[in-house]
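# following is a predicted model, sequence given first.
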Number of protein chains: 2
Amino acid sequence: MKQRVEHFGPMWELSHIWATLTEEERMLLSQQVETVYYHKNEIIHNDGDESQYVWMLLSGKVHIFKEGIGQRQQIIRLLKPYDIFGYRACTVNEPYNSSASAFEDCLVYRLNRATFNELIQSNGSFCYQVMLMMAKDLAFSEIQTVNLTQKHIRGRLAESILMLVKNYGYEEDGSTLAMLLPREDLANMSNMTTSNAIRTLSQFAQEGLVSIDGRRIKILDEKSLEKISRLG
Amino acid sequence: MKQRVEHFGPMWELSHIWATLTEEERMLLSQQVETVYYHKNEIIHNDGDESQYVWMLLSGKVHIFKEGIGQRQQIIRLLKPYDIFGYRACTVNEPYNSSASAFEDCLVYRLNRATFNELIQSNGSFCYQVMLMMAKDLAFSEIQTVNLTQKHIRGRLAESILMLVKNYGYEEDGSTLAMLLPREDLANMSNMTTSNAIRTLSQFAQEGLVSIDGRRIKILDEKSLEKISRLG
DNA sequence: AATAAAATATGTTTTTTAACACATTTTTGC
DNA sequence: GCAAAAATGTGTTAAAAAACATATTTTATT
């Protein structure tokens, strides 16, 4: 298959985080950034690996997950183009504390840790932007902890579906989720077994909240899903 | 009861975070910091409150928690003197996303949000320190999510006990936990009901892993507790 | 297009955890 | 120090979720 060559502008035009950099710093960035291609299902970094790069996703989808007990994995974050990842470990020069894998074929910009840290430490405004991004991630993580521990299966699944809507939006029809996720991944987002994700999604379909056609999920009653998500 | 008056030095001598401030900024800090006393069980801030202050704990103990479904609460973080809290919400000028309550009578320094943000934005090194602190909290939160969702009851309780040891250490005897926590709080840390915390702790005592005398917990076999925590 | 492999659907059983009940002990507030 | 309130201990029942089993459908590979 012929690979589509897409052109992407410089990093600082793609995410406001980098907009704080000076002309000189942008020069350095341009020199250091590499464009890398990852195939579907390829691991980008592993939990425990020495942190070497900060990535910005250009095209495709990536998910960040942690391996838990007995190869059960928890999906921590879902990424879409122009999201930045791997940056937390780089700021503290620690190993990554989660894994990232390409859910689809992906194109990314990657920047080595040394340059990233140089920018953070030399440019206060850039450091501030990185800190704000981290503050968002931290709030999300704490909310997620409570959601995943206290809501019941139906609430957790509804929550995940709504999160997918928020993150990836709909197809042109305005109701089909623009993300075709295997049930196993839905389970790994929602802290449940695959068979419970399958069963519960089928129930949602029977109740007319969604309609399913393989991995294609059409949201029919968002209000009710929100209610289920809210009430546990 | 007469209240013990303790003397505490300036903030920048008590946590390295503030050590990056210039002489001038320290002056500002001195002018703006207030010393506040909270009684046992007093709420310091509530989830959803407009963020007004950043706090540094001077004496006593504080816990940070989130209210979940049906008044079940999840303890997110336990604080000891010189820990800083409430800072995440202040950096993003958002409401607090968790609550803080004084577990014992507490003395704190508190700094208004405006001054805190002024310092962050004017001093890159200070911003960097705050970012590093946030990176630690984020790593902890993500690990915690997986621990609380995937480990079984015994694993979660063992984990919490070890966390208490790490945070508060032992009494002079070198084995009694220097934190007398009601079973309910142990449950709220470990994502379980109070009766399961009581029951499971009793089991640990029967197995000789700990000995219990009311709220006084003596750790007898840390190695085994670690094993239980690790294996789920 | 055919075949193998993987994913989905659905029913059943087992395990885990919460919920409830109640006696006993400890702590708290006057 | 005393009474009331709260916390602890223990047994029992109910609910939730995982584990297991197996058929069917979909997807991937040749």
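It's in. As the structure is a prediction and not an experimental result, all values here were calculated from the model.
# for residue A:163, what is the enclosing helix or strand?
Remark: residue A:163 resides in helix A:153-168, with elements defined by DSSP states H and E.
# is that helix positioned near DNA strand C?
No: for helix A:153-168, no contact with DNA strand C is found by C-beta under 7 Å from any atom of the strand; the gap never falls below 12.1 Å. All C-beta spots, glycine's among them, are computed from the backbone N, C-alpha and C.
# and that helix, what does it pack against?
In terms of contacts (3 or more C-beta pairs under 8 Å, 6 or more residues apart in numbering or on different chains; DSSP states H and E), helix A:153-168 is packed against strand A:73-79, helix A:124-150, helix A:183-190, helix A:194-206, strand A:216-219, helix A:222-230.
# JSON lines please, covering the ones you listed and showing mean neighbour count, distance to DNA strand C and mean pLDDT.
As requested, these are exported to JSON lines (neighbours: other C-beta atoms under 10 Å in any protein chain shown; distance: least, C-beta to the nearest atom of the strand, whole Å; pLDDT from 0 to 100):
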{"stretch": "strand A:73-79", "mean neighbour count": "21", "distance to DNA strand C": "13", "mean pLDDT": "95"}
{"stretch": "helix A:124-150", "mean neighbour count": "21", "distance to DNA strand C": "8", "mean pLDDT": "97"}
{"stretch": "helix A:183-190", "mean neighbour count": "22", "distance to DNA strand C": "3", "mean pLDDT": "96"}
{"stretch": "helix A:194-206", "mean neighbour count": "16", "distance to DNA strand C": "4", "mean pLDDT": "96"}
{"stretch": "strand A:216-219", "mean neighbour count": "18", "distance to DNA strand C": "10", "mean pLDDT": "96"}
{"stretch": "helix A:222-230", "mean neighbour count": "16", "distance to DNA strand C": "17", "mean pLDDT": "96"}
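# okay, the ones you listed in CSV with distance to residue A:175 next?
Below are the helices and strands packed on helix A:153-168 laid out as CSV (distance: least, C-beta to C-beta, whole Å):
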stretch, distance to residue A:175
strand A:73-79, 20
helix A:124-150, 24
helix A:183-190, 18
helix A:194-206, 14
strand A:216-219, 5
helix A:222-230, 9
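# between these, which gets nearest to DNA strand D?
Comparing the helices and strands packed on helix A:153-168 against DNA strand D with C-beta to the nearest atom of the strand, the closest turns out to be helix A:194-206 (4.1 Å).
# check which residues of the helix holding residue A:163 are buried.
Buried residues in helix A:153-168, counted by 16 or more other C-beta atoms under 10 Å in any protein chain shown: A:153-165, A:167-168.
# dump stretch A:104-120 to CSV, keeping only the CA atoms.
The C-alpha trace of stretch A:104-120 is given here as CSV (Å, rounded to 0.1, in the frame of the first residue of the first chain):
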residue,chain,number,x,y,z
GLU,A,104,-3.7,3.0,14.4
ASP,A,105,-0.8,3.9,12.1
CYS,A,106,0.6,7.1,13.6
LEU,A,107,2.8,9.9,12.7
VAL,A,108,4.4,11.8,15.5
TYR,A,109,7.0,14.5,16.2
ARG,A,110,9.4,13.5,18.9
LEU,A,111,11.8,15.6,20.9
ASN,A,112,14.6,14.4,23.0
ARG,A,113,14.4,14.8,26.8
ALA,A,114,17.5,17.0,27.1
THR,A,115,16.2,19.6,24.7
PHE,A,116,12.8,19.5,26.3
ASN,A,117,14.2,20.1,29.7
GLU,A,118,16.5,22.8,28.4
LEU,A,119,13.5,24.7,27.1
ILE,A,120,11.6,24.2,30.3
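# could I get the helices and strands packed on helix A:153-168 as CSV with distance to chain B?
Shown next, in CSV, are the helices and strands packed on helix A:153-168 (distance: least, C-beta to the nearest C-beta, whole Å):
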stretch, distance to chain B
strand A:73-79, 5
helix A:124-150, 3
helix A:183-190, 10
helix A:194-206, 14
strand A:216-219, 23
helix A:222-230, 9
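# out of these, nearest to residue A:32?
The closest of these to residue A:32 is helix A:124-150. By C-beta to C-beta, the value is 14.3 Å.
# for that closest one, the distance to its chain's centre please.
Offset of helix A:124-150 from its chain centre (C-alpha atoms, centre = their mean, to the nearest Å): 13 Å.
# again with stretch A:83-101
13 Å.
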